[in-house]
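*Asks:* Give me the fold of what follows.
(one chain, ligands or ions: 2)
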Amino acid sequence: MTQPLITLTSPAKLNLMLHIIGRRADGYHQLQTVFQFLDYGDSMQFKLRTDHQLILHDSLPGVLPEQNLILRAAHLLQQHSNSQQGAEIWLNKQLPMGGGVGGGSSNAATTLLALNQLWQCQLPLTKLAQLGLQLGADVPVFIQGQSCFAEGVGEQMTPLVLAEPWFLVVTPKVCISTAEVFSAPELTRDSQPITIRTVLEQGHRNDCQAVVERLYPEVHEALNLLGRVCQAKLTGTGSCVFGSFPSQAAAESAARTLPNSLPYFIAKGANTSVTHRQLNKLKELG
Ligand SMILES: C[C@@](CO)(OP(=O)(O)O)[C@H](O)COP(=O)(O)OP(=O)(O)OC[C@H]1O[C@@H](n2ccc(N)nc2=O)[C@H](O)[C@@H]1O
Ligand SMILES: Nc1ncnc2c1ncn2[C@@H]1O[C@H](COP(=O)(O)OP(=O)(O)O)[C@@H](O)[C@H]1O
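*Replies:* Ligands and ions are numbered 1, 2, ... in the order given. Okay, the predicted model is just below:
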């Protein structure tokens, strides 16, 4: 019998602002950030196996299979749910790695969501988000699937309805380690907390930006180039920088001002993750 196959997009996120307001006893930084999803990402396929095996068909440069967040997420759900089933998984990587667009976390979340459905585990999103947090601070937002204001290490989320403009995302060819940026001595760690009511007026800064610009001249250069045509900002700990536009045509026209050597993509903002929209459609189809 042919086993069911699910195809899903594993989207990118942008941090529209990111303030660091303190540090926990375990060294993790307490953030205030606004997450927006993009209708753009990696493509993933999941096929049910009736045995217990988990097979990831595609590898990533510099990532051992057992370190890949996709297999780590699949193993975690298998253990937690006591599922006797397995899966074959395919990944078509489009998102830059170490780019601050959350590709690895998004892949982990998409895996938890897909296998929860394929294996009929029926875990609620809150439980999947708790499991996801064990894999990375950014995983819960991709499980929850709504644009939001996030606090703590990003796991305390309050949904926020944002505008859904088009974004031009410049992707400098550097892979940035989140841990490296958070360990920089000069990082701002004492921003004044703001409230969700004032976030859209007061939250335009990314506290990681100065450190990343100093450590990575390519990012500094990308911010300068994009800054000529729009307000250019860093997402997360970088390396990607972005600006927003009222239309796809306006974003394309801005992209034409960039040097040919500078890679970029253009995508629409979305208040709901495309993964959730696709899974809901699959549920409707039965
Ligand atoms: C900063 C953000 C903002 O969205 O994005 P990225 O730029 O990485 O995408 C995230 O909070 C990143 O989340 P994620 O990429 O999942 O980070 P993790 O794997 O959990 O953490 C990697 C390392 O960064 C440090 N870290 C991470 C998050 C945090 N709030 N404080 C930290 O100090 C810790 O040293 C940790 O070991
Ligand atoms: N499936 C995956 N996709 C991307 N990166 C992964 C994956 N699994 C593990 N990683 C590791 O996580 C690191 C950070 O990945 P990524 O999520 O792309 O960056 P960021 O946190 O900056 O958005 C990568 O450099 C890689 O070593």
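*Asks:* Pull the distance from stretch 145-154 to the chain's centre.
*Replies:* 11 Å (CA atoms, centre = their mean, to the nearest Å).
*Asks:* and the end-to-end length of stretch 266-274?
*Replies:* One end of stretch 266-274 sits 16 Å from the other (CA to CA, to the nearest Å).
*Asks:* Show the average pLDDT along that stretch.
*Replies:* The average pLDDT for stretch 266-274 rounds to 98.
*Asks:* List the buried residues of it.
*Replies:* Neighbour-count burial for stretch 266-274, with 16 or more other CB atoms under 10 Å as criterion, is recorded at 266, 267, 269, 270, 271, 273, 274. (Each C-beta comes from the backbone N, C-alpha and C, glycine too.)
*Asks:* what's the first one sitting at in phi/psi?
*Replies:* With angles defined as degrees, to the nearest 10, residue 266 sits at phi -120, psi 130.
*Asks:* need the contact list for the closest residue to it other than its chain neighbours.
*Replies:* Spatial nearest neighbour of residue 266, excluding adjacent residues (CB to CB, 6 or more residues apart in numbering): residue 251 at 4.7 Å. For residue 251, the contact set (CB atoms under 8 Å, 6 or more residues apart in numbering) comprises 166, 167, 168, 245, 266.
*Asks:* Just the buried residues of stretch 266-274: which are in helices?
*Replies:* residue 274 (DSSP state H).
*Asks:* Do stretch 116-135 and ligand 2 come into contact?
*Replies:* No - under the criterion of CB under 6 Å from any ligand atom, ligand 2 is not reached by stretch 116-135; the shortest gap measures 9.1 Å.
*Asks:* which non-adjacent residue is nearest the closest residue to ligand 1 within the stretch 51-200 of the chain?
*Replies:* Closest contact between the stretch 51-200 of the chain and ligand 1, by CB to the nearest ligand atom, is at residue 136 (2.9 Å). Spatially, and ignoring its direct neighbours in sequence, residue 136 is nearest to residue 105 (4.8 Å; CB to CB, 6+ apart).
*Asks:* got the contact list for the one you found?
*Replies:* 69, 132, 135, 136, 137, 138, 139, 141, 142.
*Asks:* same check, this time on residue 239
*Replies:* 96, 98-100, 171-172, 174-176, 212, 216, 218-219, 222.
*Asks:* Show only the entries of these found in helices.
*Replies:* 212, 218, 219, 222.
*Asks:* How about the contacts made by the first one?
*Replies:* Applying CB under 8 Å, 6+ apart to residue 212 gives the contacts 176, 181, 219, 234, 237, 238, 239.
*Asks:* again, but for the last one
*Replies:* Under the criterion of CB under 8 Å, 6+ apart, the contact partners of residue 222 comprise 170, 172, 232, 239, 241, 262.
*Asks:* Grab the most central residue of this protein for me.
*Replies:* residue 102 (2.7 Å; CA atoms, centre = their mean).
*Asks:* what separates it from residue 154, distance-wise?
*Replies:* Going from residue 102 to residue 154 by CB to CB, to the nearest Å gives 10 Å.
*Asks:* And for residue 179?
*Replies:* Counting by CB to CB, the gap from residue 179 to residue 154 is 15 Å.
*Asks:* Have a look at those two and say which one is more surrounded.
*Replies:* residue 154 (27 against 9; other CB atoms under 10 Å).
*Asks:* how about the residues of the protein near ligand 1?
*Replies:* Residues of the chain lying near ligand 1 (CB under 6 Å from any ligand atom): 15, 27-29, 31, 33, 100, 102, 105, 136-138, 153-154, 178-179, 182, 236-237.
*Asks:* Can you tell me the closest non-neighbouring residue to residue 41?
*Replies:* Nearest in space to residue 41, with sequence neighbours left out and distances taken as CB to CB, 6+ apart, is residue 11 at 3.8 Å.
*Asks:* Count the neighbours of the one you found for me.
*Replies:* Under the criterion other CB under 10 Å, the count of neighbours that residue 11 has is 26.
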